[in-house]
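Asker: sharing a model prediction with you, sequence too.
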Amino acid sequence: MDQPRALVIGGGIGGLSAAVALRQRGWTVTVLERAPELTPVGAGLGLAPNAQRALDVIGLGDRIRALSAWQGDGGLRAPGGRWLSRTSGEAAADRFGGPLVLVHRATLVSLLASALPEGVVRTGTAAALVDPGGERGPAVVSTPDGELEAELVVAADGIRSAVRRTLFPDHPGPRYTGSTTWRVIVPAPERPFAPHETWGRGRLWGTQPLKDGRVYAYAMATAPEGAHAPDDERAELRRLFGDWHDPVPGIIEAADPGQVLRSDVHEMAVPLPAYHRGRVALLGDAAHAMRPTLGQGANQAIEDAIVLAHHVGADGDFGPGAQPAAGLATPDPAAGFAAGPLTPDPAAGLASYSADRLPRTTAIVRQAARTGRMTAVSGPVAVALRDALIVAVSRLGPGLVLRGFAGIADWRPPGRTYASGTARRNRLGRPL
């Protein structure tokens, strides 16, 4: 049987992860990216243990850990510098099977792209879904060079996904949360600092080190949708955060005004009825856009990619009316997935993908929204009560602080986990 064809619309983290995973499952993959080159929007990125385990499946976990800074001890602060809670990097790694690591988005995109053969990624290629396909025929995608047919289309076209609107025209789509964000990367300040996030009155600031010695900083504040600074965004950061504790003012002054990224925050408050229709699967922000308050947006896109490849490549006949196989075939030592025949119609696999991912990501979207509402509190009494609660919970033990990530950071991929076939261990010697 000829290898089935998959088209991936979007060359971001989720789309490239899906392309790598699907190729390892035996699909012929083409990535269609609208931009003239793979230039990720964003700056730093936190990869929690759940996303690292997903990358382990496709053999890239070790490489990304080697390129990343492992988050050490840090915590949550008030604008004046008082610590509201402390977090232990070792305690988090022990609880969740590995540390949080920080990496530049461009580094991850480059690593994923390097795992694909030349010619798989077509940049400067706008793509639109013409026909989602189904039991009787393939999906059809239009490009400037003509129409392409495929047994599977993966829509990783972001928060403003045109494919999502085509598949679910009556869905309200993402909504504005009332907050906007800024991101910047600067040289590390002379004085050392502990990684931290600082919560103020309707404002948030985070400072995290990268492996190359630079610092990734991010900020969030309530603002009207579409608003921009009258002069430049660095001046806006100075106005909002310039009197906060060190190293915040120094980081703002070190920023290149032209390199400060600003973007409004949207979320998929109303979940989609499914993450597939016909032969098309949605993943990442196209399926479940969420607030950045848990740092899980890209992490969940990577999970999506691995779970999708698992289901559409599972052993058994996925023709019309067939059921997914109960188990997996004998693992192929050269790949992180179980080997098994692929069939042209992935209908049952896509249904299993939706069933797996929709409840999990919906819950994370809602948890991120709850955390976002806490950071958006602005009244002085409400802020004082929030901070007192954080201090009280922190004093009861770090386990209570980490509990909020239970069920998120400790997620494990379906099927066989590690491409090498051997379990990895964290720096404490415990299995990841």
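Answerer: Perfect, I can see it now.

Asker: list the contacts for residue 124?
Answerer: 33-37 (Cβ atoms under 8 Å, 6 or more residues apart in numbering). In short, each C-beta sits where N, CA and C put it, glycine included.

Asker: tell me the phi and psi of it?
Answerer: According to degrees, to the nearest 10, the main-chain angles of residue 124 amount to phi 60, psi 30.

Asker: mind checking pLDDT for it?
Answerer: Residue 124 is assigned 97 on the pLDDT scale.

Asker: low-confidence bits of the stretch 51-200 of the chain, can you list those?
Answerer: Low-confidence regions of the stretch 51-200 of the chain, defined here as pLDDT under 70, do not occur.

Asker: okay, now residue 192: neighbour count?
Answerer: For residue 192, the neighbour count with other Cβ atoms under 10 Å is 8.

Asker: so where's the longest strand in this protein?
Answerer: In the chain, with assignment by DSSP state E, the single longest strand is strand 175-187.

Asker: for it, name the packing helices and strands.
Answerer: In terms of contacts (3 or more Cβ pairs under 8 Å, 6 or more residues apart in numbering; DSSP states H and E), strand 175-187 is packed against strand 214-222, helix 233-241, helix 248-254, strand 261-267, helix 347-375.

Asker: now render those as JSON lines, adding distance to residue 181 and mean pLDDT.
Answerer: Putting these into JSON lines (distance: least, Cβ to Cβ, whole Å; pLDDT from 0 to 100) gives the following:
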{"stretch": "strand 214-222", "distance to residue 181": "5", "mean pLDDT": "96"}
{"stretch": "helix 233-241", "distance to residue 181": "11", "mean pLDDT": "96"}
{"stretch": "helix 248-254", "distance to residue 181": "15", "mean pLDDT": "96"}
{"stretch": "strand 261-267", "distance to residue 181": "6", "mean pLDDT": "96"}
{"stretch": "helix 347-375", "distance to residue 181": "11", "mean pLDDT": "96"}
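
Asker: quick check: residue 227 touching residue 180?
Answerer: Yes. Shown here, residue 227 and residue 180 form a contact pair, counting by Cβ atoms under 8 Å, at 6.8 Å.

Asker: so those two - more neighbours on which side?
Answerer: Using other Cβ under 10 Å as the criterion, residue 227 and residue 180 rank with residue 180 on top: 22 against 11.

Asker: what sits against that one?
Answerer: Taking Cβ under 8 Å, 6+ apart as the definition, contacts of residue 180 comprise 220-223, 227, 262-265.

Asker: what's the answer for residue 188, then?
Answerer: Listed by Cβ under 8 Å, 6+ apart, the contact partners of residue 188 are 209, 213-215.

Asker: could you say which helix or strand holds residue 85?
Answerer: Using DSSP states H and E, residue 85 falls within strand 83-87.

Asker: the helix or strand that that strand is followed by packs against which elements?
Answerer: Once strand 83-87 ends, the next helix or strand along the chain (criterion: DSSP H and E) is helix 89-96. When contacts are defined as 3+ Cβ pairs under 8 Å, 6+ apart, helix 89-96 packs onto helix 49-57, helix 398-402.

Asker: looking at it, residue 55 is touching residue 66, isn't it?
Answerer: No. Using Cβ under 8 Å, residue 55 makes no contact with residue 66, being 11.9 Å away.

Asker: neighbour count winner among the two?
Answerer: Taking other Cβ under 10 Å, residue 55 and residue 66 do not tie; residue 55 has more neighbours (27 against 9).

Asker: chain neighbours aside, what residue packs nearest to that one?
Answerer: Closest residue to residue 55 apart from its sequence neighbours, by Cβ to Cβ, 6 or more residues apart in numbering: residue 61 at 4.3 Å.

Asker: quick check: the one you found touching residue 53?
Answerer: Yes. Counting by Cβ under 8 Å, residue 53 is a contact partner of residue 61 at 7.0 Å.

Asker: about what we covered before: just the buried subset of the contacts of residue 124, please.
Answerer: residue 33 (16 or more other Cβ atoms under 10 Å).
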